[in-house]
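In: Pasting a predicted model and its sequence here:
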Amino acid sequence: MPVDPAFLRRIVEHNERLTESVKNMKSRIRNLDVDRREETSECAVAWAKNVEQVLVSLKGQQQLSRQMRESARVSDEEQSEQFRDRYRFLVDRLKGEVRSSFL
């Protein structure tokens with residue numbers, strides 16, 4: 001099962017947006033005035049949304065990682081089967097020659 005390039009692209013774009021949002025939030029928090037409760041509340045809500053998006057991003061990355069591992073495992077199995085099939089004749093012939101030399 002190959003990895004879907006569109007899924008990979010969506011994860012990368014989401015991570016870029018999330019990174020930019022966290023950078024903006026960082027500067028917003030530095031300039032935050034605790035006496036302005038409404039602004040502080042808005043900032044806290046925005047920060048909570050960022051945290052939720054980080055969780056969504058991590059879940060997406062985990063799913064992509066599982067897909068990539070599965071794809072690599074299937075590819076390895078296919079290559080090892082091809083190798084076995086390709087050299088089975090040679091191995092069988094060598095076994096025959098070794099057996100005949102001892103008889």
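Out: Structure received.

In: Name the secondary structure element that contains residue 32.
Out: For residue 32, there is no helix or strand it lies in under DSSP states H and E.

In: quick one: contacts for the spatially most central residue of the chain?
Out: The central residue of the chain, meaning the one whose C-alpha is nearest the mean C-alpha position (C-alpha atoms, centre = their mean), is residue 65 at 3.0 Å. If a contact means C-beta atoms under 8 Å, 6 or more residues apart in numbering, then residue 65 has no contacts. For the C-beta atoms, the positions are set from N, CA and C on the backbone; glycine is no exception.

In: mean confidence score for the helix or strand where it lies?
Out: Counting by DSSP H and E, the element that carries residue 65 is helix 37-102. The average pLDDT for helix 37-102 rounds to 88.

In: Determine how far that helix lies from the middle of the whole chain.
Out: Computed by C-alpha atoms, centre = their mean, to the nearest Å, the chain-centroid distance of helix 37-102 equals 9 Å.

In: secondary structure class for residue 35?
Out: Put simply, residue 35 is coil when judged by DSSP: H, G, I helix; E, B strand; the rest coil.
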